[in-house]
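S.K.: Following is a predicted model, sequence given first.
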Amino acid sequence: MNTIEQLKRDNAQFLWHPMAHPKAMKAEGARPDIIHRGEGCWVWDIDGHKLLDGVAGLWSCNLGHSCKPVRDAIVAQLDELPFFNTFRGTTHPRAIELSRALVDLMRPDGVAAMMFSNGGSDAVEGALKLARQYHKLRGDKDRFKFIALKQGYHGVHFGGMSVNGNSNFRRAYEPLLPGVFHIDSPWLYRNAYTQDPDELGRIVAAQLEREIVFQGPDTVAAFIAEPIQGAGGVIVPPANFWPLVREVCSRHGVLLIADEVVTGFGRGGAMFGTRLWDVKADLWCLAKGISSGYIPLGATAISDKVAEVFDADATGAGQVSHGYTYSAHPVAAAAALATLQILQAEDVPGHVARVAPAFQQRLRGLEQRSPFVGNVRGKGLMLGIEMVADKATKTPPPKSSDIPARVAKAAYRRGLMVRVSGANLILSPPLVISEAELDLLCGTLEAAFDEVAAGQ
Ligand SMILES: Cc1ncc(COP(=O)(O)O)c(C=O)c1O
């Protein structure tokens, strides 16, 4: 058996994949695509098939797959110091430099400090824990509850899983954290209230306020949400939603946690998702694009407001009894420093803001072009295509029709990698993608939709 065949066979035998059934992965024909090489915005599978990367790895490789400065920073760091910890008593130059660089970048947002970790789920966990500790330090000892949005995704640790707004990620692992409550997503396409965006923003923000009041404001630690809900299907909230949420949280002393794991570092066309809505959070969760996905890294950004309470503590209760062996791993920190330098020097968020409107507008045309596209939505270089069985009733496609997977397969054959999430196709190409590559992406996807429609 040659090496390629061996790899294909071994994968299902020995590797349990995230979000997949191990038994189903072993079934004949269930073999995942094995991606083995990347360059710019392109990847190659192990059979030599070349694909435009429409997902940036997984919302991560924002600078593409062959960014030499990031690669060089990693190699130089491996030569200098591959690892040392940042627990009390020790640190290293890259951790210090990166915290400084990130705080400088986020000064306009009111950020005072950074706490590092290994990825998005960690960043969320850190934010939830700091939120509770902040209230304890202030003497608000009953404030332990969290409120979140349905359709939200905040990773897979027990805290993040508990605030997730999709039962797919929760059921198998219940019972989860007590004291977590969910309100509706400000989702224009599917909501029980209105088709007017402003009205919807007001309704859901009022729901948040009612939930806080119902729970007792002195019991609620934080509200957590993504500035644009990503994995839930790229749900862009109405423009008034985040400003109203900020007001509600401030009115009731509830911390606002922005989960920027996807929206951070330019994906929405601004450096941070909260900037799209002109809002300052109290804690931010960062990962993915922070190191362009080259090395795992997460960070929880801490606002002045939160940091001041820890700084003022004289009792010792402000000790952060949280952190990981690999918090601020020097190689990851080096990758992030190089990434930040490029994001700023080349104004990558500005590039996104320039190229995204044409991309969004063109793919919105699929609503007319394709019989089974119900809604196309997005912002910047994140876009969701929701499929339906009936456009008038918005009935989801029956699982048996498998339309999203068929479109994804047709796109793959034509040289484009997209991602299926439930009834949605999700697109999140590298942020450095050129206009010509975006045109190619759109044309390939349109052809894939046409192909599946013709075969119906
Ligand atoms: C908004 C959001 N938060 C948290 C996470 C979890 O990140 P990770 O998979 O790096 O743990 C994700 C992952 O996609 C995410 O989209």
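M.R.: Right, received. Where do you want to start? A quick note: this is a predicted structure, and the numbers were derived from the prediction, not measured.

S.K.: if we look at stretch 54-61, which residues are touching it?
M.R.: Residues external to stretch 54-61 that are found in contact with it (CB atoms under 8 Å, 6 or more residues apart in numbering): 38, 53, 62, 65, 230, 261-262, 267, 288-289, 292-294, 382, 411, 416-419, 426-431, 441, 445. Where C-beta positions appear, they are placed from N, C-alpha and C, glycine not excepted.

S.K.: mind listing which of those residues are in helices?
M.R.: Residues of these located in helices (DSSP state H): 411, 441, 445.

S.K.: How many residues are close by the last one?
M.R.: Close neighbours of residue 445, defined as other CB atoms under 10 Å, add up to 27.

S.K.: For it, which non-adjacent residue is closest in space?
M.R.: Closest residue to residue 445 apart from its sequence neighbours, by CB to CB, 6 or more residues apart in numbering: residue 411 at 5.8 Å.

S.K.: And residue 119, by the same measure?
M.R.: residue 298 (4.6 Å).

S.K.: what sits opposite that neighbour in the beta ladder?
M.R.: Applying DSSP bridges to residue 298 yields these beta-bridge partners: residue 117.

S.K.: wait, isn't it in contact with residue 289?
M.R.: No: between residue 298 and residue 289 there is no contact under CB atoms under 8 Å: 11.4 Å.

S.K.: Quick one: residues contacting the residue of the stretch 251-400 of the chain found nearest the ligand.
M.R.: At 3.5 Å from the ligand, residue 261 is the closest residue in the stretch 251-400 of the chain, using CB to the nearest ligand atom. By CB under 8 Å, 6+ apart, the residues touching residue 261 are 59, 120, 123-124, 155, 226, 230, 285-288, 298.

S.K.: and if you look at residue 275?
M.R.: residue 109.

S.K.: Okay, it and residue 152: tell me how far apart.
M.R.: 20 Å (CB to CB, to the nearest Å).

S.K.: Then residue 377?
M.R.: 16 Å.

S.K.: same thing with residue 257?
M.R.: Counting by CB to CB, the gap from residue 257 to residue 152 is 11 Å.

S.K.: which of these two has more neighbours?
M.R.: residue 257 (28 against 22).

S.K.: which SS class is that one?
M.R.: For residue 257, the secondary structure call by DSSP: H, G, I helix; E, B strand; the rest coil comes out as strand.

S.K.: Please tell me I have it right and it contacts residue 286.
M.R.: No: Residue 257 is beyond contact range of residue 286, at 11.7 Å (criterion: CB under 8 Å).

S.K.: centroid residue for this protein?
M.R.: Residue closest to the mean C-alpha point of the chain, counted by CA atoms, centre = their mean, is residue 262 at 2.7 Å.

S.K.: Contacts only, for the residue lying closest to that one once chain neighbours are set aside.
M.R.: Among residues not flanking residue 262 along the chain, residue 230 sits closest, at 4.0 Å (CB to CB, 6+ apart). By CB under 8 Å, 6+ apart, the contact set of residue 230 is 59, 153, 261-263, 382, 426, 428.

S.K.: Then residue 272?
M.R.: By CB under 8 Å, 6+ apart, the neighbours of residue 272 are 106, 109, 227, 258, 260, 263-265, 284.

S.K.: any idea how far it is from residue 381?
M.R.: For residue 272 relative to residue 381 (CB to CB), the value is 15 Å.

S.K.: Identify the residues contacting whichever residue of the stretch 101-250 of the chain sits closest to the ligand.
M.R.: The ligand sits closest to residue 120 of the stretch 101-250 of the chain, with a gap of 2.1 Å, by CB to the nearest ligand atom. Going by CB under 8 Å, 6+ apart, residue 120 touches 154-155, 259, 261, 285, 287-288, 298.

S.K.: Likewise for residue 76?
M.R.: Contacts for residue 76 (CB under 8 Å, 6+ apart) come out as residue 334.

S.K.: Distance from the chain centre to the helix or strand harbouring it, please.
M.R.: Taking DSSP states H and E as the definition, residue 76 sits inside helix 68-80. Relative to the centre of its chain, helix 68-80 is centred 26 Å away, using CA atoms, centre = their mean, to the nearest Å.

S.K.: next structured bit after it?
M.R.: Immediately after helix 68-80, counting by DSSP H and E, sits helix 93-106.

S.K.: residues of that next one that come out buried?
M.R.: Judged by neighbour count (16 or more other CB atoms under 10 Å), helix 93-106 contains these buried residues: 94-95, 98-99, 101-103, 105-106.

S.K.: ok, now stretch 269-278?
M.R.: Counting neighbours by 16+ other CB under 10 Å, one finds that the buried residues in stretch 269-278 are 269-277.

S.K.: Next, check those residues against the helices and list the overlap.
M.R.: Per DSSP H, those map to helices at 273-276.

S.K.: And those residues, which is closest to residue 182?
M.R.: Nearest to residue 182 among those is residue 273, at 19.9 Å by CB to CB.

S.K.: check contacts around that closest one.
M.R.: Residue 273 is in contact with 226-228, 258, 260, 262-264, 267, counting by CB under 8 Å, 6+ apart.

S.K.: Which pLDDT value belongs to it?
M.R.: As predicted, residue 273 sits at a pLDDT of 98.

S.K.: quick one: it and residue 287, what's the gap?
M.R.: 13 Å.

S.K.: intersection of neighbour lists for those two?
M.R.: Residues touching both residue 273 and residue 287 (CB under 8 Å, 6+ apart) are residue 264.

S.K.: Residue 242 falls within a helix, correct?
M.R.: Yes: assessed by three-state DSSP, residue 242 belongs to a helix.

S.K.: Which neighbours do residue 257 and residue 152 have in common?
M.R.: Here residue 257 and residue 152 have 224-225 as joint contacts, going by CB under 8 Å, 6+ apart.
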